[in-house]
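>>> build me a structure from this.
(2 chains)
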Amino acid sequence: MEKQWYTISVYSENNVGLLNRISGIFLKRHINIESLNVSKSEIENVSKFTIVVVAPEEWVRKIVGQIEKQVEVIKAYYHTDDETIYQESALFKIASDLLFDERQIQNIIKESNSQIVTVARDFFVLAKTGRRHEIDQMHDALEPYGIKQFVRSGRIAVSKASMPITSILEEFQNQ
Amino acid sequence: METLRAQKKDSEKDTTMRISGAEAIIHCLLAEGVDLIYGYPGGAIMPVYDELYKFQDKLTHILTRHEQGATHAAQGYARVSGKVGVAMATSGPGATNLVTGLADAQIDSTPMVCITGQVPRHLLGSDAFQETDIVGISTPVTKWNYQVTKAAEIPEIIAKAFYIAKSGRPGPVLIDITKNAQFDELDFTYEKCKGVRSYKPVPEPDIKAIETAAELINKAKKPYIVFGQGVILGEAENELKALVEKAGIPAAWTILGLSAMDTDHPLNVGMVGMHGNYGPNVLTNECDLLIAIGMRFDDRVTGSLDTYAKQAKVIHFEIDPAEINKNVKADVAVLGNAKQTLDLLLPLVNKNEHKEWKAAFDKKYQTEYETVIKKDITPTKEGLTMGEVVEQINISSEHKAVIVTDVGQHQMIACRYAKFKQSKSNITSGGLGTMGFALPAAIGAKMGAMEREVVAIIGDGGYQMTIQELGVIFQHNVPVKIVVLNNDHLGMVRQWQELFFESRYASTVMVNPDFVKIAEGYHIKSRRVSERSELKEAVAEMIASKGPYFLEVKVEKEDNVFPMIPSGASVSDIRLK
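This is a model prediction of the structure:
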């Protein structure tokens, strides 16, 4: 079975413990979560989990079924990369003197389309939003000069097709 | 809790009372129709026990001798009655002792609500005495769980717990209640939960799917039904029978589906799975249409999936969408409650008979009878067999008993040979295979159906895992009949060791105590049988006994259960010896 990148979007009630319940579904099947993001969604009081996995579609379909079965999950979807618009963010903390001593650093900032978030006496912070490979490229370019700290967020994604949660909620309301 | 919809009827009067959380818990249970709970007290649940003392005329609490016993008793109660079983325990070890029962109820879809006490809110996370994260621990083995830390949450959460446990595909719910929430007061009113946003317990039946299913059934030459517990949980026994009879389809059962259909019905062809009947297994790979009703294609049912019913179209009647295409791909999935979907299907199905096809089952039965069944139930060799004991129980109880089994050889033998006329009569630990299940489950089963005969059939291994529950039987004079089929071994593991590990009997030989003396210690009438000549009379005496009765039967030590599908083999490769 061919593995592929999938973005799983889970709309749920905002309850303590649900993250544990959902991550347990992956744990039980030894499926590694590549990234996880939890945020509010377009609907009030509805949370959205964005979970990225690399797995065969068959597995992902079954996992989504198990996720959707949880009482507090409203609906779960899965999409391939082609079916979503997605981004990640990263922060790079770099020694401030490099900004002045290494001309190449300024080129990297320009070419990577990243932003300087803050400049302090000792360090400055770069923010980059984009696809993972773009962030990786920027990381590789900066690495020889020394990165004091690096962090990358989980993927956030919206699907090209609609995820009609409002109508599903209405259906629940009328059941 | 914005997820809970308060649906107050205008007609209802304001019945607000200012009471403690602990008292509120009792009122919630009473409002849910609970009159019996199983449990074990301890520090963090003491306020609730204090209220139980005050309400003992309305709500009976049975003190099991271990919290695991409380869960299995609640399960037994739920399985015979169709109601939600309730178990209660304190925090820490009391709570962790519930885990096996929760896991058992989860995999066997048993409605159960467990209430645990918890350390006061201000001590949460401080590693306080008897603090454990039971919500975290129980998450994978509950349908839903929740920690209540404020008294005011209690009514809504308990209402939700009962609703979730019972609705749709049932399951266990655990509610953990901190001690401060038990002591604090709230303005109490109770509304039964009528729905939870985000939770749709029963999918709408799709008429198109039902029509397609009917077409396939009408076209099929060799249709075959395999039904599971979904028929019992959905109370679809009559609809199943009507379908089987109208369309003339041979029907077999999973062990959790057993008793949903009269075992003597001419179209009831027996049991599927690892130790199921020969025909039902082998003919799975010869049918042209497999109609699965309320079952989940467990690996013990299917054997190797690569060679399971590949020639057949598959229709899957199922309430849980996550079960569709999980193990076996369905050509037609009919979602919904089996009672409802079968009822819709029935008028679309043509009256039919499949005589030749049914004869294929009869023929296979003859083969199995000659090579296996005859030797099991009417043996001529010296040692007693488990099968003949089950057969005697059938005869003495006239097929009317609730049979509660543990796990292992005796369980397979009992499920193979026990006869049932009535649904909800076979109580066993199927999915989890929990040794120690039967004795406490039999207590719960008896209390859930006092008018019925309840016979627990247990192996000598599993019996000793929860033997302390004899204390409950003694204290409350619960008239259950306990049969221990003693082969002085962990029989099923020993069988596997014999067949697959060259008879290296690693830790399966049991040196057993005098079980009769132990039962006598609890003042339970008891008897030991080791001769065939005594068996019939002993079983009859047991069944006739008004009070509890313990019967130990010394059976052949190294008998094997056949037929058998070796683990991972195909249903076609079932072995008769």
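
>>> from here on, just use CA atoms for contacts and neighbour counts.
Noted.

>>> please enumerate the strands of chain A.
In chain A, the strands defined using DSSP state E lie at A:3-13, A:33-40, A:46-56, A:73-80, A:84-95, A:115-119, A:123-130, A:149-152, A:156-159.

>>> the second one to strand A:46-56, inter-axis angle?
Comparing the axes of strand A:33-40 and strand A:46-56 via axes from the mean of the first three to the mean of the last three CA atoms, to 10 degrees yields an angle of 170 degrees.

>>> relative to strand A:33-40, what are the paired strands and their orientations?
strand A:46-56 (antiparallel) (DSSP bridges).

>>> now render the strands of chain A as TSV, adding mean pLDDT.
Formatted as TSV, these follow (pLDDT from 0 to 100):
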stretch	mean pLDDT
strand A:3-13	96
strand A:33-40	95
strand A:46-56	96
strand A:73-80	97
strand A:84-95	97
strand A:115-119	95
strand A:123-130	97
strand A:149-152	97
strand A:156-159	96
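
>>> leaving out the residues flanking it, which one is nearest to B:His275?
B:Met564 (4.8 Å; CA to CA, 6 or more residues apart in numbering or on different chains).

>>> let me redo that: B:Leu258
Per CA to CA, 6+ apart, closest to B:Leu258 is B:Asn426, 6.2 Å.

>>> can you report how many residues neighbour the one you found?
27 (other CA atoms under 10 Å in any protein chain shown).

>>> show me what contacts it?
B:Leu256, B:Leu258, B:Ser259, B:Val402, B:Ile403, B:Val404, B:Thr405, B:Cys415 (CA atoms under 8 Å, 6 or more residues apart in numbering or on different chains).

>>> circling back: mean neighbour count for the strands of chain A - can I get that in CSV?
Formatted as CSV, the strands of chain A follow (neighbours: other CA atoms under 10 Å in any protein chain shown):
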stretch, mean neighbour count
strand A:3-13, 22
strand A:33-40, 15
strand A:46-56, 20
strand A:73-80, 21
strand A:84-95, 18
strand A:115-119, 13
strand A:123-130, 18
strand A:149-152, 13
strand A:156-159, 19
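
>>> the closest residue to chain B within chain A: what's it in contact with?
Here the residue of chain A nearest chain B is A:Ile74; by CA to the nearest CA that distance is 4.2 Å. For A:Ile74, the contacting residues are A:Val10, A:Tyr11, A:Ser12, A:Glu13, A:Glu68, A:Ile165, A:Ile168, A:Leu169, B:Arg197, B:Ser198, B:Tyr199, by CA under 8 Å, 6+ apart.

>>> try 6 Å this time
Neighbour list for A:Ile74: A:Tyr11, A:Ser12, B:Ser198 [criterion: CA atoms under 6 Å, 6 or more residues apart in numbering or on different chains].

>>> so for it, what's the nearest residue that isn't a sequence neighbour?
B:Ser198 (4.2 Å).

>>> what's the answer for B:Asn277, then?
B:Met271 (5.3 Å).

>>> next one: phi and psi at the residue nearest the centre of chain A?
For chain A, the residue nearest the mean C-alpha position is A:Arg155 (1.6 Å; CA atoms, centre = their mean). As for A:Arg155, its main-chain torsions (degrees, to the nearest 10) stand at phi -70, psi 140.

>>> wait, doesn't it sit right on A:Glu88?
Yes. Judged on CA atoms under 6 Å, A:Arg155 makes contact with A:Glu88 at a distance of 4.8 Å.

>>> ok, now which ones touch B:Met17?
By CA under 6 Å, 6+ apart, the neighbours of B:Met17 are B:Asp187, B:Phe188.

>>> I'd like to know how far it sits from chain A.
Noted for B:Met17: a distance of 28 Å to chain A, by CA to the nearest CA, to the nearest Å.

>>> report the beta-bridge partners for that residue.
B:Phe188.

>>> give me the pLDDT for it.
We have a pLDDT of 93 for B:Met17.

>>> over to A:Leu99?
87.

>>> that one: how many residues sit nearby?
Neighbour tally, A:Leu99, other CA under 10 Å: 16.

>>> next one: the one 5 residues further on
Residues lying near A:Gln104 (other CA under 10 Å) number 15.

>>> which ones are touching it?
A:Gln104 neighbours (CA under 6 Å, 6+ apart): none.

>>> ok, now how distant is it from B:Tyr53?
79 Å (CA to CA, to the nearest Å).

>>> kindly report the same for B:Val135.
Distance from B:Val135 to B:Tyr53, by CA to CA: 27 Å.

>>> what's the helix or strand harbouring B:Phe162 packed up against?
B:Phe162 is part of helix B:154-166, with elements assigned from DSSP states H and E. Using 3 or more CA pairs under 6 Å, 6 or more residues apart in numbering or on different chains; DSSP states H and E as the contact test, the elements touching helix B:154-166 are strand B:172-178.

>>> mind saving the C-alpha coords of the strand it packs on as PDB?
Extracted C-alpha coordinates of strand B:172-178, given in PDB (Å, rounded to 0.1, in the frame of the first residue of the first chain):
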ATOM      1  CA  PRO B 172     -19.000   2.200  28.800                       C
ATOM      2  CA  VAL B 173     -18.800   5.800  30.200                       C
ATOM      3  CA  LEU B 174     -16.700   6.800  33.100                       C
ATOM      4  CA  ILE B 175     -17.500   9.900  35.200                       C
ATOM      5  CA  ASP B 176     -14.800  11.000  37.600                       C
ATOM      6  CA  ILE B 177     -16.100  13.300  40.300                       C
ATOM      7  CA  THR B 178     -13.800  15.200  42.600                       C
END
